[in-house]
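> Provide a 3D model corresponding to the input given below.
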Amino acid sequence: MRPLPEVPSAAAPVDAEQAGASLVEHYPRLVRLGYLVLPPSLSRSRRVLAAHALAQRSLQAAHRAGQAPGTGLPLPRRPGRTAATAGPDYASVRRRVLRGALAAGLPRRRWWPGRGQLPPVLPLVWGLRLFPHSGGADELALEQRLCALRGPARAAFVLRGLESLADCEVRRELAAAGVADPHAALREADGVDAPYALLASPEFDPCSLQARPPDLPRRRRYARAALAAAAAAAVCGTLLGLPGGGWGRGEPAAPAYARNPAAEEALDPGALRVVSATFWRRSPRTDFTAWPTRGDRTEDVRLLRRALTVWARPGGGVRTSATPGTPAGPPMGAPQLLYAGEVGASAVVLFYDGLRVVRYAEPRNADPSEGAALDFARVDGADAASSGALVVERAAGRVRYLTAPWVRKASLRDLLAPDRAPRPLHRTPDGVTDALADTGSAGGCRSWDAVELSDGTTASQDRLVTDLGELAPARLTSGPPSQPHDVAGRSELESWARTACLLPSVRSHGVRSVNSWTYATQPLPEAGGSARWLCTRAETWRGTGSRVLAQFQAPSARPPGSRPPGAVAARAEDSPACGKRTPRVLAGVLWKSRGGRWYVLAAGSEQFTSLTTSGGVKGSARGRLLAVPAGAGDRARLNGRLRDGSQVGALR
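Numbering: from 1, shown residues only. From the prediction side, this is the model:
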């Protein structure tokens, strides 16, 4: 076995300017190295600043000494490694960053912290918290595994994956950084089975940051407390001098020190609105106000207080998300408690304040201050059809629902398999479903899970809902905009089988419902069969930002479950087209027949009496269907005439 090279006690000098150029060139990688090796006990914002400080401090130390202390032993070259990376200048700077990051995780000596444990002097950011962008489930799992490692093992894993160093080189670098047992660090790093490619994720990139404000209310309270003693005499003198013994007439606002009972009540777990299990049976409204309070931790005052406090003042380590148009501010008063319990690996609390559903989640077996999440979703104007379920957990590509109390049966249907019967979906006594795939969150569209909800008390069709990345699942319907109805029948299920894979385009946009209906059927030229034209409209909870897709579904000889998705012929945003107010729609495509000839095909809804094309292709047709010969790549302008004689263009 070849012996490992010894680490020399004296290093060959390296030009400081060359070291500075190496740092500038590889600055993002050096900062990422420091960020990954720093102890996980620091918050993400603190680790970002400390990583930048370590990288910059390494350059400052080289300039102060007039040289960059390198090893004198250039690293062996590998394919793809640049000269700057392989030279001793970069290695010396990297070693300083590694040594400082490992020193930050060492226990304090007596009462005085080491230099690496002190807050960084540079860079310094006031009034902001900076942290990297959030990654996916794989990155989160890797971060949790790295947090469980000791500092030397974490450094060994990062040097292997980020720097592509061999084990002998990793041992040399760890020994130079002061690690007592590099072999043990490598053995511990072997226990992490995550791919090294995840280290290049934006989750671990401290040079691509999100900026959020700190705890502003707390900072303001500290400032007010510091000035309270000096201002007390002036305030008292002013109040005593006012007529009437009050704040003065015509002043609608109380002074800054006055108490706000509504704000204090909103943070009191004892003031939460709790609904009984049978209230929904006699409630005049069938929406979230009638949901009973459920869960096995509804009496956990500590959990409820943490959830309310984080809602009012989320810290920098809390992951916050909100659907578009949803205010993410504190509660306006004591909210309604929908659920508090343990779901999967998290403790979850759901609130409803009349406008929003708020979900607080924290890890069950970890520090609640680390890994907490806060989600907001606007649900004002909800009815029985749109308040049938809420997402109670979303983790590792899986999602669980909490169903309404009036839901008697829940089933799971694959939209891409219309001939397959729905499967029963098990629920706990509290109404929490088993985990199912977080549809559309990853690439590909091999299946699309939707949940059928039945209240068992009416003759109406089962309601079909699907997850679009928000707390409230979107309801799926069919039929013209004037009379949308729940999806039913083979024809509507088959059209949705070719529409489901288009739903990711409206994911995470605050969608309340998606209606898809066939507005025209067109015989194709050269006996090519019949094609269907569909309009798919996604309505949002906020009323604006709706998205409209006109799609062309050509005939297919494949079985219903394997037919290709419809082709998007046109799309529009914030358009009244295909909606209740303006139900008309017109769209066209360039289509190639089996014989290899091209045609411009167009179809309008029943409001159109004639269609014309101009530009690259000229033609016209009476009625609402058009087929004109064209050439490959031709571009045409489409117009239609309505029954009242007015002309409108195609959807765009």
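
> Flag the shaky bits of the stretch 151-300 of the chain, pLDDT-wise.
Scanning the stretch 151-300 of the chain for pLDDT under 70 picks out 210-260.

> For the residue most central in space within the chain, what are phi and psi?
Nearest to the geometric centre of the chain sits residue 321, at 6.7 Å (CA atoms, centre = their mean). Taking degrees, to the nearest 10, you get phi -140, psi 150 for the backbone angles of residue 321.

> That one reaches residue 376, doesn't it?
Yes. Under the criterion of CB atoms under 8 Å, residue 321 makes contact with residue 376 at 7.2 Å. C-betas here are computed from N, CA, C, even on glycine.

> coming back round to it: so what's the residue nearest to the centre of the chain up against?
373-376 (CB atoms under 8 Å, 6 or more residues apart in numbering).

> Just these: which are in strands?
Judged by DSSP state E, the subset of the contacts of residue 321 located in strands is 373-376.

> Quick one: these as a markdown table, columns for neighbour count, distance to residue 417 and pLDDT too.
Formatted as a markdown table, the ones in strands among the contacts of residue 321 follow (neighbours: other CB atoms under 10 Å; distance: CB to CB, whole Å; pLDDT from 0 to 100):
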| residue | neighbour count | distance to residue 417 | pLDDT |
| --- | --- | --- | --- |
| 373 | 20 | 33 | 93 |
| 374 | 20 | 36 | 94 |
| 375 | 22 | 31 | 96 |
| 376 | 21 | 34 | 96 |
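
> Is it possible to get TSV of these that adds distance to residue 39?
Shown next, in TSV, are the ones in strands among the contacts of residue 321 (distance: CB to CB, whole Å):
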residue	distance to residue 39
373	22
374	25
375	29
376	32
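
> What sits closest to residue 320 if chain neighbours are left out?
residue 374 (4.8 Å; CB to CB, 6 or more residues apart in numbering).

> What separation is there between the one you found and residue 395?
15 Å (CB to CB, to the nearest Å).

> do residue 533 as well
40 Å.

> cool, and residue 266?
Taken as CB to CB, the span from residue 266 to residue 395 is 28 Å.

> Same check on residue 43?
Distance, residue 43 to residue 395, using CB to CB: 22 Å.

> got it, and residue 130?
26 Å.

> Residue 479 too?
36 Å.

> just residue 165 next, same as before
Residue 165 is 33 Å from residue 395, by CB to CB.

> Give me the contacts around stretch 444-453.
Contacts for stretch 444-453 (CB under 8 Å, 6+ apart): 388-389, 401, 403-404, 407, 409-417, 422, 425, 433, 436-437, 439-440, 462-467, 473, 476, 500-501, 503-504, 565.

> Low-confidence ranges, the stretch 301-450 of the chain, go.
If you take pLDDT under 70 as the line, the stretch 301-450 of the chain has these spans: 366, 369, 440-443.

> quick one, strands of it?
Under the criterion DSSP state E, counting those that start in this stretch, strands of the stretch 301-450 of the chain are mapped to 319-322, 336-343, 346-352, 356-363, 373-378, 389-395, 398-403, 409-414, 423-424, 436-437, 449-454.

> could you dump these to CSV with distance to residue 151?
CSV is the format used below for the strands of the stretch 301-450 of the chain (distance: least, CB to CB, whole Å):
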stretch, distance to residue 151
strand 319-322, 25
strand 336-343, 32
strand 346-352, 28
strand 356-363, 22
strand 373-378, 27
strand 389-395, 27
strand 398-403, 32
strand 409-414, 45
strand 423-424, 48
strand 436-437, 37
strand 449-454, 42
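
> Please name whichever of those strands is nearest to residue 510.
strand 373-378 (6.5 Å; CB to CB).

> just checking, what packs against the closest one?
Secondary-structure packing of strand 373-378 (3 or more CB pairs under 8 Å, 6 or more residues apart in numbering; DSSP states H and E): strand 319-322, strand 356-363.

> hang on, the earlier thing: now for the strands of the stretch 301-450 of the chain, which one comes closest to residue 555?
Nearest to residue 555, of all the strands of the stretch 301-450 of the chain, is strand 409-414, at 22.6 Å by CB to CB.

> Listing partners with orientation, what would you give for that closest one?
According to DSSP bridges, strand 409-414 forms sheet pairs with strand 423-424 (antiparallel), strand 449-454 (antiparallel).
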